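J.: Next come a sequence and a model predicted from it.
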Amino acid sequence: ISKNKIIRQRTIKCNDMKWQCAGFEDDCYYVVSLDDKKSSKVCKTVKIYNKKAKLISSYKIKIPIKILNGSNPNIGKIRKIKNKLYYTVSAKKRNEYYEYFQCYDLKKKKILFSVEYDRYFYTKLFKNKLYTMLENEIVEYNSKGKIINRYELPEGNRFVEYYISQTENTDEHLFFDFDVNGRYIYYCNQNGVY
């Protein structure tokens, strides 16, 4: 973008709303299929595009439904590192939601681990590590799905009130986020950035 004009644009076409973007890292776009097969295993297709929107590779992941304690799972965030895919997947059984951190070996074509985790606020995947923000802390999982660190969050209001003129009332917006860069976690609330 230059001087409020788009000077370069790349488009990845997704057909019939069966695909969703699952992340961008290392100049690659990850797109995951949403269509499920009605069987004991759910098959998802992961497509990886370069920054010029050219398809680099495509993989199929078979996820046993019994591992997910539910049905109709959806892959959220995903990263490919060497011959492994790291991703988050959610499943719903009746009115209960379940969140999992999984690693899929592309050569062996099987899931190496599947770990259920608590997702209270935000969950982010950086490289091959998972970070999930709970009420008072951020929990870090390693490349094998084990908890390796817990980081206490600084105190401060996470919500901001705003005025609704039509109803002469107030409501609240969420006001917090976090990011990971190298050895550092950046976190913000209404008091500032830490």
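T.: On my side now, so go ahead.

J.: Asn157 should be in a helix, yeah?
T.: No: counting by DSSP: H, G, I helix; E, B strand; the rest coil, Asn157 falls outside a helix, being coil.

J.: Quick one: residues contacting it.
T.: Phe175, Asn189, Gln190, Asn191 (CB atoms under 8 Å, 6 or more residues apart in numbering). Quick note: C-beta positions are derived from backbone N, CA and C, even for glycine.

J.: what do you get if the cut-off is 10 Å, keeping everything else the same?
T.: Glu172, Phe175, Phe176, Asn189, Gln190, Asn191 (CB atoms under 10 Å, 6 or more residues apart in numbering).

J.: ok, now how distant is it from Cys43?
T.: 44 Å (CB to CB, to the nearest Å).

J.: one step back: ok, and the most crowded of the contacts of Asn157?
T.: Neighbour counts for these peak at Asn189, which has 19 neighbours (criterion: other CB atoms under 10 Å).

J.: Setting aside sequence neighbours, what's the nearest residue to that one?
T.: Gly156 (3.8 Å; CB to CB, 6 or more residues apart in numbering).

J.: Leu106 now?
T.: That would be Asn83: by CB to CB, 6+ apart, it lies 4.9 Å from Leu106.

J.: what residues are up against that neighbour?
T.: Counted by CB under 10 Å, 6+ apart, Asn83 has contacts Tyr104, Asp105, Leu106, Lys107, Lys108.

J.: Which helix or which strand is home to the nearest residue to the second one once chain neighbours are set aside?
T.: Spelled out, it's Asp105. Closest residue to Asp105 apart from its sequence neighbours, by CB to CB, 6+ apart: Leu112 at 5.3 Å. Using DSSP states H and E, Leu112 maps to strand 110-116.

J.: what about that strand, average pLDDT?
T.: Strand 110-116 carries an average pLDDT of 90.

J.: For it, name the packing helices and strands.
T.: strand 55-64, helix 65-68, strand 84-93, strand 96-105 (3 or more CB pairs under 10 Å, 6 or more residues apart in numbering; DSSP states H and E).

J.: Now the spatially most central residue of the chain: closest residue in space, sequence neighbours ignored.
T.: Geometric centre of the chain, nearest residue: Lys77, 2.9 Å, by CA atoms, centre = their mean. Once flanking residues are discounted, Lys77 sits nearest to Leu125: 4.1 Å by CB to CB, 6+ apart.

J.: Just checking: what are the partner strands of the helix or strand that the one you found is a member of?
T.: For Leu125, the element it lies in under DSSP H and E is strand 123-126. Taking DSSP bridges as the criterion, strand 123-126 forms sheet pairs with strand 129-133 (antiparallel).

J.: got the angle between the partner strand and strand 96-105?
T.: 160 degrees (axes from the mean of the first three to the mean of the last three CA atoms, to 10 degrees).
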